[in-house]
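[1] please find the sequence and the predicted model below.
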Amino acid sequence: MTIKHISLSELEGLEAKDFIAKKIGSKKSLLKGDFEVCKLINKGITEKLIPAAVLIPIIERNNKLSVIFTKRNAKLKNHAGQISFPGGKKDSTDISIEQTAVRETCEEIGLIIKQSEIIGKMSTWETRTGFLITPVLAFISDPPKLKKNNFEVDEIFEVPLRYLFNPNNFILEKLCFEKKHYEFYAIKYLNYYIWGATAGLIVNLYNLLR
């Protein structure tokens, strides 16, 4: 199917899968990580990056698109209570970075991703905490009821794609931590505060598809 003159705000329905699949392989210049958003972060601290992956699950229901997020368990040692995509570091048994994203998604929210639902990969994101994150996109129509892993996840929720793709909702925040000033992207939706690498990946996805 050839899609002509489609605007980002009009991405609805299954035809969007073809549109996204064509765009994801483009050579657009995107943000490469935390160090690029905030120039004060020393890229040298991430010389030995740990491979990791997240899944960006784009959900289609009744010709409307949304994206699944998780709110991490408040008692976790790292990134407690933060908003994220399902994902984690690559295990030695994972044969590919896509398998990492699929495995972690199943473990965290009970969503089994079929190979046919995977659209592709975006460029990697380097975090100041030493991870090299590969975002894997999947397009799922009418997903089954999700089941969260209570040890890792406090809540599963969705945000409309139209909202995420409104650049007026992108905020460049500033934070003072240990006498240093940091900058990072954030997106506020209802009572949810999406920030850091997760928000940065949304900004990259928006710039890739526009």
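    In hand now; what should we look at?

[2] compute the first-to-last residue distance for stretch 119-139.
    Stretch 119-139 has an end-to-end distance of 7 Å (criterion: C-alpha to C-alpha, to the nearest Å).

[3] swap in stretch 100-118?
    First-to-last residue span, stretch 100-118, C-alpha to C-alpha: 13 Å.

[4] which residues are in contact with that stretch?
    Under the contact criterion C-beta atoms under 8 Å, 6 or more residues apart in numbering, stretch 100-118 has outside partners 51-55, 57, 68, 70, 86-91, 94, 98, 134, 136-140, 143-144, 146-149, 152-153, 156. (Each C-beta comes from the backbone N, C-alpha and C, glycine too.)

[5] now it: buried residues?
    100-105, 108-111, 113, 117-118 (16 or more other C-beta atoms under 10 Å).

[6] how about the helices in the chain?
    In the chain, the helices defined using DSSP state H lie at 15-24, 34-37, 97-109, 161-164, 197-209.

[7] pLDDT weak spots in this structure?
    The chain contains residues with pLDDT under 70 at 1-14, 39-47, 74, 76-80, 176-181.

[8] what segments of it are strands?
    Under the criterion DSSP state E, the chain contains strands at 50-61, 64-72, 83-84, 87-89, 118-121, 125-126, 131-141, 153-160, 171-177, 180-189, 192-195.

[9] quick one: which of those is nearest residue 208?
    With C-beta to C-beta as the measure, strand 131-141 is the member of the strands of the chain nearest residue 208 (9.7 Å).

[10] got the angle between the closest one and helix 15-24?
    150 degrees (axes from the mean of the first three to the mean of the last three C-alpha atoms, to 10 degrees).

[11] begin at 9 from now on, thanks
    From this message on, residue numbering opens at 9, which makes the last subject strand 139-149.

[12] how near is residue 36 to residue 216?
    6 Å (C-beta to C-beta, to the nearest Å).

[13] and these two? Which one has more around it.
    With other C-beta atoms under 10 Å as the criterion, residue 36 and residue 216 differ in neighbour count, and residue 216 comes out ahead with 17 against 12.

[14] so that one touches residue 130, yeah?
    Yes. Taking C-beta atoms under 8 Å as the definition, residue 216 is a contact partner of residue 130 at 6.6 Å.

[15] got any residues that touch both of these two?
    32, 38.

[16] skipping its backbone neighbours, what lies nearest residue 217 in space?
    residue 31 (5.0 Å; C-beta to C-beta, 6 or more residues apart in numbering).

[17] any chance of CSV for the strands of the chain, columns distance to residue 46?
    Listed next are the strands of the chain as CSV, based on distance: least, C-beta to C-beta, whole Å:
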stretch, distance to residue 46
strand 58-69, 20
strand 72-80, 22
strand 91-92, 19
strand 95-97, 22
strand 126-129, 24
strand 133-134, 12
strand 139-149, 16
strand 161-168, 24
strand 179-185, 9
strand 188-197, 4
strand 200-203, 12
